[in-house]
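Q: Need coordinates for the below:
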Amino acid sequence: MPYITGDRESSPLSEQTTAKQERAIIALMTESSVAAAARAAGVAERTIHTWLRDEAFRDLYRRARREAFDRAISMTQQYAAAAVKTLLQVMADKGASHQSRVSAAVAVLRFGREGMELDELQARVERLEMIDGEATEVTR
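A: Here you go, the predicted structure:
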């Protein structure tokens, strides 16, 4: 996993990147531009652009971004039940404005529908992967 902490000893990326490249990946994830990332990492902007053209560096950068996003999603999932509870309270609150109650109701319905759609999509992908796996076994 490419978890980047800034501590080269604890980072699995350290085997695949230089310290400057690792600092650049961290900076690319936290700064608003490549120029700002270059300054933060202590390298030339041109160097970062060169590294970004390298497939291995891009793959590591993508993995680091995906992992950071996954951690953020995990954090939001921890509070999902509380968020739904809040929406339901607003929706049921007779003292709340009609706009607030309708917005809460729409959000509850939308999230419920999206959850069902994701479950269905996941089931379809799993079925396709099974079919693909069976086809691979037959052709061997």
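Q: Need the single longest helix in this protein, by residues.
A: helix 98-139 (DSSP state H).
Q: Check which helices and strands that one is in contact with.
A: helix 80-92 (3 or more C-beta pairs under 8 Å, 6 or more residues apart in numbering; DSSP states H and E). For every residue, glycine as well, the C-beta is placed using N, CA and C.
Q: sorry, back to before: could I get the average pLDDT for the longest helix of the chain?
A: The average pLDDT for helix 98-139 rounds to 89.
Q: How far off centre is it?
A: Relative to the centre of its chain, helix 98-139 is centred 18 Å away, using C-alpha atoms, centre = their mean, to the nearest Å.
Q: tell me the angle of that helix relative to helix 80-92?
A: Counting by axes from the mean of the first three to the mean of the last three C-alpha atoms, to 10 degrees, helix 98-139 lies at 140 degrees to helix 80-92.
Q: can you list the domains in the chain?
A: Per automatic domain parsing, the domain ranges recorded for the chain read 1-77, 79-140.
Q: want to try JSON lines for the ones you listed, with mean neighbour count as columns?
A: JSON lines is the format used below for the domains of the chain (neighbours: other C-beta atoms under 10 Å):
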{"stretch": "domain 1-77", "mean neighbour count": "15"}
{"stretch": "domain 79-140", "mean neighbour count": "11"}
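Q: Point to the residue nearest the middle of this structure.
A: The residue lying closest to the centre of the chain (C-alpha atoms, centre = their mean) is Phe69, at 2.4 Å.
Q: Need the CA coordinates for the helix or strand containing it. PDB is fine.
A: Using DSSP states H and E, Phe69 sits within helix 55-78. Only the C-alpha atoms of helix 55-78 are listed here, as PDB (Å, rounded to 0.1, in the frame of the first residue of the first chain):
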ATOM      1  CA  GLU A  55       4.400   5.800 -15.900                       C
ATOM      2  CA  ALA A  56       5.800   4.300 -12.600                       C
ATOM      3  CA  PHE A  57       5.700   7.600 -10.800                       C
ATOM      4  CA  ARG A  58       2.200   8.400 -12.100                       C
ATOM      5  CA  ASP A  59       1.100   5.000 -10.900                       C
ATOM      6  CA  LEU A  60       2.500   5.600  -7.400                       C
ATOM      7  CA  TYR A  61       0.900   9.100  -7.400                       C
ATOM      8  CA  ARG A  62      -2.500   7.600  -8.400                       C
ATOM      9  CA  ARG A  63      -2.200   4.900  -5.700                       C
ATOM     10  CA  ALA A  64      -1.400   7.500  -3.100                       C
ATOM     11  CA  ARG A  65      -4.300   9.600  -4.200                       C
ATOM     12  CA  ARG A  66      -6.700   6.700  -4.200                       C
ATOM     13  CA  GLU A  67      -5.600   5.600  -0.800                       C
ATOM     14  CA  ALA A  68      -6.100   9.100   0.600                       C
ATOM     15  CA  PHE A  69      -9.500   9.300  -1.000                       C
ATOM     16  CA  ASP A  70     -10.400   5.800   0.500                       C
ATOM     17  CA  ARG A  71      -9.400   7.100   3.900                       C
ATOM     18  CA  ALA A  72     -11.600  10.100   3.500                       C
ATOM     19  CA  ILE A  73     -14.500   7.900   2.400                       C
ATOM     20  CA  SER A  74     -14.000   5.700   5.400                       C
ATOM     21  CA  MET A  75     -14.300   8.700   7.700                       C
ATOM     22  CA  THR A  76     -17.500   9.800   6.100                       C
ATOM     23  CA  GLN A  77     -18.900   6.300   6.400                       C
ATOM     24  CA  GLN A  78     -18.300   6.500  10.200                       C
END
